[in-house]
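Colleague: This is a predicted model, with the sequence first.
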Amino acid sequence: MAAAGIQARFACSVGNFALDVDLDLPGSGLTALFGHSGCGKTTLLRCMAGLQSADGIMRVNGDQWQSGTDSRPVHQRPLAYVFQETSLFPHLSVKRNLMYGYRRIPESERRISFDQAVQWLGLSRLLGRMPEKLSGGERQRVAIARALLTSPKLLLMDEPLSALDQASKREIMPYLEALRDNLAIPMLYVSHSTAEVARLADHIVMMDGGRVVAEGPLQTIMARTDQPFGLEEDSGVILDATVSEHDEHWHLCRADFAGGHLWLRADGHLAIGQRIRLQVLARDISLARSRQTDQSIQNLLPAMVDEVASDVRPGTSMVRLLAGQTPFLSRLTTRAVHTLAIEPGQKVWMQIKSVAIVD
Ligand SMILES: Nc1ncnc2c1ncn2[C@@H]1O[C@H](COP(=O)(O)OP(=O)(O)OP(=O)(O)O)[C@@H](O)[C@H]1O
């Protein structure tokens, strides 16, 4: 049976820059390509698309696009590419922009219906508008819907939000989350922004100097004590959780995740059953050998110490913990680690001072 997932192995040079990657990525969900400017993210997308010639292999859910010198040209690769700057046809309405690619796909090969794309991107009220009458965020939503209506098997997005202001970014995020949760095809999403990646990604590829320096599920990468994500002050884990209970009296709500539950301040808009992403920063978790109830912190979770990275900076250590299978990070002084004799395998209580909803 054909292998699921994306196999992308490329070696190429562009001027003085060399790209050399060997990736096996999930065949669905959103994979973020992350790294400093010039590390090769766009070059990698261009190789995948066949826009940049490279030696290598490209397979998408069992469909081979390239193997050695046998390489399908870009127009024979069923993918869609969304860029930072949208290029809608200025003389066509939103609806006609959307129909442009859709009409060219034979009905039997259409995998996403017109109505479905319009609904996912919230475009029903915009169909009659001309592109010049759209905000930047609306234009980008139209561009994404138009890309989907070509029925791609892979969606490539190169910094699709970077030309937008903060308000437009916030507005478009829920649509991207809906795509991540509903689209059957994989999405590769280039971004510089840790906030975007924390909110949207299921999987991360970190690049540096044309190579992959870390790769894996978001939760796993964020919980590494060596912090390949490059975060310092903001190191912490991301949890997928579900709102399960409201405590009206104390204005709190309970969010369940795979390894337990956490209480957070109830924002009126959270509905029971709603899926949310939570961030718990390493600096907001302290550890105790026993369950301490005579203190103010309410979120107390039992966990096992998985790894201790001493002196990640002078005097500061990073402790990786597991609550069930869910990893957490706690940043402690190295003195506290010694005083409490924190070591792998030990059972401790995490005292979690603050939990934030990623939005
Ligand atoms: N046509 C070209 N000729 C010469 N060098 C190039 C060319 N295109 C890209 N490069 C170089 O290749 C390297 C990788 O570029 P690439 O655009 O892939 O990086 P990136 O990670 O996407 O960066 P950014 O986040 O700034 O978009 C850079 O050093 C760039 O200068």
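Modeller: It's in.

Colleague: Specify which residues of the stretch 101-250 of the chain, grouped into ranges, have pLDDT under the cut-off.
Modeller: 228-232 (pLDDT under 70).

Colleague: got the residues of it near the ligand?
Modeller: residue 192 (Cβ under 6 Å from any ligand atom). Using the backbone N, CA and C atoms, a C-beta is placed for each residue, glycine as well.

Colleague: Closest approach to the ligand from the stretch 101-250 of the chain, which residue is it?
Modeller: In the stretch 101-250 of the chain, no residue comes nearer to the ligand than residue 192, which is 6.0 Å away by Cβ to the nearest ligand atom.

Colleague: Run a quick neighbour tally on that residue.
Modeller: 13 (other Cβ atoms under 10 Å).

Colleague: what do you get for residue 125?
Modeller: Neighbours of residue 125 using other Cβ under 10 Å come to 10.

Colleague: before we move on, what SS does it have?
Modeller: helix (DSSP: H, G, I helix; E, B strand; the rest coil).

Colleague: roughly how far apart are it and residue 227?
Modeller: Look at residue 125 and residue 227: by Cβ to Cβ, to the nearest Å, they are 44 Å apart.

Colleague: do residue 79 as well
Modeller: 32 Å.

Colleague: One more: residue 298?
Modeller: From residue 298 to residue 227 the distance is 28 Å (Cβ to Cβ).

Colleague: More neighbours: those two, which one.
Modeller: residue 227 (18 against 14).

Colleague: show me what contacts that one?
Modeller: Residue 227 is in contact with 235, 312, 318, counting by Cβ atoms under 8 Å, 6 or more residues apart in numbering.

Colleague: Include secondary structure and neighbour count when you put those residues into JSON lines, please.
Modeller: Below are the contacts of residue 227 laid out as JSON lines (DSSP: H, G, I helix; E, B strand; the rest coil; neighbours: other Cβ atoms under 10 Å):
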{"residue": "235", "secondary structure": "coil", "neighbour count": "20"}
{"residue": "312", "secondary structure": "strand", "neighbour count": "17"}
{"residue": "318", "secondary structure": "strand", "neighbour count": "23"}
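
Colleague: now those residues in JSON lines, with distance to residue 106?
Modeller: Formatted as JSON lines, the contacts of residue 227 follow (distance: Cβ to Cβ, whole Å):
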{"residue": "235", "distance to residue 106": "50"}
{"residue": "312", "distance to residue 106": "56"}
{"residue": "318", "distance to residue 106": "54"}
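
Colleague: which one of those is nearest residue 303?
Modeller: residue 318 (14.4 Å; Cβ to Cβ).

Colleague: which residue ranges form the helices in the chain?
Modeller: Here the chain has its helices, by DSSP state H, at 41-49, 94-104, 114-120, 136-148, 166-182, 194-200, 218-222, 334-339.

Colleague: Need the contact partners of the fourth one.
Modeller: So that's helix 136-148. Taking Cβ under 8 Å, 6+ apart as the rule, helix 136-148 contacts 80-82, 86-88, 94, 97-98, 100-101, 112, 117-118, 120-123, 126, 131, 134, 155, 157, 160-161, 163-165, 168-169, 171-172, 175, 179, 183.

Colleague: got the angle for that helix vs helix 166-182?
Modeller: Note on geometry: by axes from the mean of the first three to the mean of the last three Cα atoms, to 10 degrees, helix 136-148 and helix 166-182 are set 30 degrees apart in direction.

Colleague: between helix 136-148 and helix 94-104, how big is the angle?
Modeller: 20 degrees.

Colleague: most remote residue from this protein's center?
Modeller: Distance from the centre of the chain peaks at residue 294, with 38.4 Å (Cα atoms, centre = their mean).

Colleague: How about the contacts made by it?
Modeller: Residue 294 neighbours (Cβ under 8 Å, 6+ apart): none.

Colleague: I'd like to know how far residue 257 sits from residue 326.
Modeller: Residue 257 is 6 Å from residue 326, by Cβ to Cβ.

Colleague: overlap in contacts of the two?
Modeller: residue 239.

Colleague: Neighbours of residue 122, how many?
Modeller: 16.

Colleague: Counting neighbours, what do you get for the nearest residue to it once chain neighbours are set aside?
Modeller: Excluding the flanking residues, the one nearest residue 122 by Cβ to Cβ, 6 or more residues apart in numbering is residue 175, at 6.1 Å. Using other Cβ under 10 Å, residue 175 is surrounded by 18 other residues.

Colleague: Point me to the residue of the protein nearest the ligand.
Modeller: Closest point on the chain to the ligand, by Cβ to the nearest ligand atom, is residue 15, at 2.7 Å.

Colleague: ok, that residue to residue 45 distance?
Modeller: 17 Å.

Colleague: more neighbours, those two?
Modeller: Neighbours of residue 15 and residue 45, each counted by other Cβ under 10 Å, are more numerous for residue 45; the result is 22 against 5.

Colleague: so what's the closest residue to that one other than its chain neighbours bridging to?
Modeller: Leaving out its chain neighbours, the residue that sits closest to residue 45 by Cβ to Cβ, 6+ apart is residue 156, at 5.0 Å. Under DSSP bridges, the beta-bridge partners of residue 156 are residue 81, residue 188.

Colleague: ok, residue 156 - how many residues close by?
Modeller: Count around residue 156 with other Cβ under 10 Å applied: 25.

Colleague: repeat for residue 321
Modeller: 27.

Colleague: Sweet, I'm off.
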